[in-house]
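Student: Okay, here's the prediction I keep looking at, along with the sequence it came from:
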Amino acid sequence: MSLSLITFADLGKRKNLKTADILPVIEEFAKREPSTQIVCRMQQGSNLENVKAGVPVYLHYAAKILERLTLRMFSARQWEEKRLDKKASAYLSKSDVVLFHPEYAFPKTIEKARELNSVAVGICTVAHPKLNRETFQEESKILGIDLDVSQWEEKLDADAATVKRLDYVIALSDFVRDSYLNAGFGKEQIFVAYQDIDKNKFIPASKLDNVFRLLYLSHTSPLKGLHYLLDAWTSLGLKNAELVLVGGYAPGIPEELKNRYEKIMSKDPSIIWAGSTQNPLRFYWESSAFVLPSLTEGNPRVIMEALACGIPVITTDRARSIVRDGETGFIVPARDSNALAKRIKSLYDDQEKLAIMSVNARKSIDDKKPFGKEVFEIYQAIMARSVKK
């Protein structure tokens, strides 16, 4: 059996947002399939064998400078994805299985894998591009705001064409799985595995005051559903309660939508805009419950972190992660402010329920099978039934 793993993560001393998700997989395969070929974005000081990087560090910084100089007219991320894809397709050697992370970033290398008669498997970090395209279009109409959907449509169409070439997918949640089923993938092509978070870093801590504090932590874009949360919160008028918003705005969010948010926040002193942070842990520890009203997600890391900190989670059926409705939090329909308000109020009113859910939340993280082991078992299952001869 042989495997190649192509990832946008950085390895060694360098780390990016993709590193934490894929590193447990790399480490598991390094122990059990040491001949695994790895192609990553950048590496510095990695002790792993058979690793190649597609983006030299100096080019990474040059691309970032160019992005700033052009006021984001040039996208460093898109340029790096294309370069890494090109390099990975050149580096790729014959393997039984090639694992791609994330699933949409490597059209050339997926094609090369198919030419080599390898099985192409994508770790699907987000919902199927078709669903995300439809969600953008729907939300633009609902908000009555031009979300400039056209700028996303071309990329999402290209991503859809890329993932269509995959033989199997490993979805990071049941919602992602369902989006692939609805896009035409067969049940036998889809596996589900939930990534890990650092259980030693994200731990429960005693809250030091009696304020009911609801935490929202996200890089806010139109599809994070913040407008539905603000509507829910302002309808309640809770006493001795705060809604803390952490994370700042995503690039390209329409000014009209930002103005709408800021107008609501300016009228309600219980809403606290904390902006971006390098230390999310303190916000978890100061909170009573966590909320993420997203319209589309893969498996949100922030939900896993909140659960690990013993914080019940209120989220949507499109961002539920491993939340168990009524046990570790509540699942509400996307775009339903009334349902959000009802669940927020239920936790505000019932401290006993909040305490029980807090214990269950941490336990759900402790009981989860490690991501690396899950992916390795999926790899074995794929090898057993469908390696191409």
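Tutor: That came through, no problem. Residues are numbered from 1 along each chain as shown.

Student: List the neighbours of the least confident helix or strand in the chain by mean pLDDT that are in contact with it.
Tutor: Sorting the helices and strands of the chain by mean pLDDT, DSSP states H and E puts helix 149-163 at the bottom, at a mean of 87. For helix 149-163, the external contacting residues (C-beta atoms under 8 Å, 6 or more residues apart in numbering) are 103-107, 110, 122, 124, 128-130, 132-133, 136-137, 140, 169, 180, 183, 252. No exception for glycine: its C-beta is placed from N, CA and C like everyone else's.

Student: ok, now with 6 Å
Tutor: 103-104, 107, 129-130, 132-133, 136-137, 140 (C-beta atoms under 6 Å, 6 or more residues apart in numbering).

Student: what element comes up after that helix heading to the C-terminus?
Tutor: strand 168-171 (DSSP states H and E).

Student: For that following strand, buried residues please.
Tutor: 168-171 (16 or more other C-beta atoms under 10 Å).

Student: Nearest to residue 196 among those residues?
Tutor: Each of the buried residues of strand 168-171 was checked against residue 196 using C-beta to C-beta; the closest is residue 170, at 13.9 Å.

Student: Tell me which of the contacts of helix 149-163 fall in strands.
Tutor: Nothing among those maps onto strands, per DSSP state E.

Student: just those residues now: which is nearest residue 322?
Tutor: residue 103 (20.4 Å).

Student: Shouldn't residue 244 be within a strand?
Tutor: Yes. Counting by DSSP: H, G, I helix; E, B strand; the rest coil, residue 244 falls inside a strand.

Student: Who are the contact partners of it?
Tutor: Residues near residue 244 by C-beta under 6 Å, 6+ apart: 215, 272, 274.

Student: let's go with 8 Å and repeat that
Tutor: 213-216, 272, 274, 283, 286-287.

Student: For it, name its beta-bridge partners.
Tutor: On the basis of DSSP bridges, residue 244 is bridged to residue 215, residue 272.

Student: how close does it sit to residue 208?
Tutor: Using C-beta to C-beta, to the nearest Å, residue 244 is found at 15 Å from residue 208.

Student: The contacts of residue 244, buried ones only, as a ChimeraX selection?
Tutor: Buried subset of those, written as a ChimeraX selection, criterion 16+ other C-beta under 10 Å:
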select :213,214,215,216,283,286,287
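
Student: ok, the contacts of residue 244 vs residue 37, which is closest?
Tutor: Looking across the contacts of residue 244 and measuring by C-beta to C-beta, the closest to residue 37 is residue 283, at 39.7 Å.

Student: Helix or strand: which one has the closest one?
Tutor: helix 280-285.

Student: So what are the sheet partners of the helix or strand following that helix and their directions?
Tutor: Next helix or strand after helix 280-285 toward the C-terminus (DSSP H and E): strand 289-292. Strands that pair with strand 289-292, judged by DSSP bridges, come out as strand 212-217 (parallel), strand 313-316 (parallel).

Student: ok, and what's touching strand 289-292?
Tutor: 212-218, 224-225, 229, 284, 300, 302-303, 306, 311-316, 319, 329, 340, 344, 347, 354.

Student: picking that back up, which helices and strands does the helix holding residue 283 pack with?
Tutor: strand 212-217, strand 241-246, helix 301-308 (3 or more C-beta pairs under 8 Å, 6 or more residues apart in numbering; DSSP states H and E).

Student: To residue 261, which of the ones you listed lies closest?
Tutor: strand 241-246 (8.6 Å).

Student: tell me how far that closest one is from the chain's mean position?
Tutor: Put simply, strand 241-246 sits 22 Å off its chain's centre (C-alpha atoms, centre = their mean, to the nearest Å).

Student: would you put the C-alpha positions of that strand in CSV?
Tutor: Presented in CSV, the C-alpha positions along strand 241-246 are these (Å, rounded to 0.1, in the frame of the first residue of the first chain):
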residue,chain,number,x,y,z
ALA,A,241,-26.3,39.5,30.1
GLU,A,242,-23.8,40.3,27.4
LEU,A,243,-23.3,39.2,23.8
VAL,A,244,-19.6,39.3,23.0
LEU,A,245,-18.6,39.4,19.3
VAL,A,246,-15.0,38.4,18.6
